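Enquirer: Task: produce atomic coordinates for the following.
(one chain, ligands or ions: 2)
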Amino acid sequence: MTFQKGSSELVLSGVQKAFPTRHGELNALKDISFDVREGEFVCLVGPSGCGKSTLLNLIAGLEKQDSGSILLDGKPVNGPGPDRVVVFQEGALFPWMTVEQNIDFGLKVKKIAAAERRALTERYLKMIHLENFAHSYIHELSGGMRQRVAIARGLALEPRILLMDEPFNALDTQTRDLLVEELRAIWSKIGNTVLFVTHNVREAVYLADRVVLLSFRPGRVREIFKIDLPRPRDPDHPHLEEVVRGIVQQLHEEVEKSVAEEFRAP
Ligand SMILES: Nc1ncnc2c1ncn2[C@@H]1O[C@H](COP(=O)(O)OP(=O)(O)OP(=O)(O)O)[C@@H](O)[C@H]1O
Ligand SMILES: [Mg+2]
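Expert: Ligands and ions are numbered 1, 2, ... in the order given. As a prediction, this is how the structure comes out:
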């Protein structure tokens, strides 16, 4: 399956979310409005605690906003659906299953016929270069390999929207760079819509069509950066460096606010 870049697929308007805490209401997200076009790669950056995971969970339908709307093709998101798949930081794989069984699991749940399941599993295992590890158990794999299996498991479901919450965080820099490159190559082939949360601005600028910077609590859209660099991108391109610097400067202001808040915390 391939996806075409197109019109607005996901539209968020005035999304708010608060959580009750021992110290009262915590406004996690306030007045979040932006849209994502079909086939677009959008990165979300912002200081720790600004609501990135909360926002992804709302889009995934795992949680419900207090007010505002999240529309997918004009219809409100009402719970999880096969059109959206989340890839978490820890991968959330089943350690007692093999690589192949992990990928097959979601396909079975979707009641896909055995022959097609086999074809999908094979295709995505190849895409992440783990075809020789189909019968290995998860505990036999390195962290980077596990994360690739988690990505393949998500991709095999062929969701229109892939939601990735800091999927490469636990990895060393070299493995991380390799996986970023693999993800870019896969996305350029498949072209699903991707919402990717990262702390790494350079990674965001390298991957994204647009980078959404969230402010610290309550999380609001501070700025949306359109990344106009041509693809395929050169990670050492001087203009990329310049764009990164601009975003990092604003991000640092938000991180400083979050640190100041931590020191004030009761
Ligand atoms: N279920 C919950 N109950 C209470 N507070 C919550 C809950 N989920 C999130 N929060 C709070 O909402 C805020 C946003 O959390 P969230 O996990 O979305 O931030 P984040 O941007 O993903 O942070 P990080 O970069 O550290 O992953 C935080 O202050 C967090 O403590
Ligand atoms: Mg998070």
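Enquirer: From here on, just use CA atoms for contacts and neighbour counts.
Expert: Will do.
Enquirer: and the gap between Val259 and ligand 1?
Expert: As judged by C-alpha to the nearest ligand atom, to the nearest Å, Val259 and ligand 1 stand 12 Å apart.
Enquirer: My error: substitute His139 in the last question.
Expert: For His139, the distance to ligand 1 - C-alpha to the nearest ligand atom - is 25 Å.
Enquirer: What of Glu256?
Expert: 14 Å.
Enquirer: Check Phe19 too.
Expert: Distance from Phe19 to ligand 1, by C-alpha to the nearest ligand atom: 5 Å.
Enquirer: Would you indicate which residues of stretch 174-188 are buried?
Expert: Within stretch 174-188, the residues scored as buried using 16 or more other C-alpha atoms under 10 Å are Arg176, Leu179, Val180, Glu182, Leu183, Arg184, Ile186, Trp187.
Enquirer: now swap in stretch 11-23 and tell me
Expert: Quick answer for stretch 11-23 (16+ other C-alpha under 10 Å): Val11, Leu12, Gly14, Val15, Gln16, Lys17, Ala18.
Enquirer: quick one: secondary structure of the closest residue in space to Ile138 that isn't next to it in sequence?
Expert: Sequence neighbours aside, Pro95 is the residue nearest to Ile138 in space, at 5.1 Å (criterion: C-alpha to C-alpha, 6 or more residues apart in numbering). Following DSSP: H, G, I helix; E, B strand; the rest coil, Pro95 is assigned to coil.
Enquirer: ranges for the helices of the stretch 151-266 of the chain?
Expert: 173-190, 201-207, 238-264 (DSSP state H, counting those that start in this stretch).
Enquirer: Adding mean pLDDT, write the ones you listed out as a markdown table.
Expert: Converted to a markdown table, the helices of the stretch 151-266 of the chain look like this (pLDDT from 0 to 100):
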| stretch | mean pLDDT |
| --- | --- |
| helix 173-190 | 91 |
| helix 201-207 | 96 |
| helix 238-264 | 92 |
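Enquirer: So which of these has the densest surroundings on average?
Expert: Across these, averaging neighbours per residue (mean count of other C-alpha atoms under 10 Å) puts helix 201-207 on top, at a mean of 22.
Enquirer: Adding secondary structure and pLDDT, write the buried residues of stretch 11-23 out as CSV.
Expert: Below are the buried residues of stretch 11-23 laid out as CSV (DSSP: H, G, I helix; E, B strand; the rest coil; pLDDT from 0 to 100):
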residue, secondary structure, pLDDT
Val11, strand, 97
Leu12, strand, 98
Gly14, strand, 98
Val15, strand, 98
Gln16, strand, 98
Lys17, strand, 98
Ala18, strand, 97
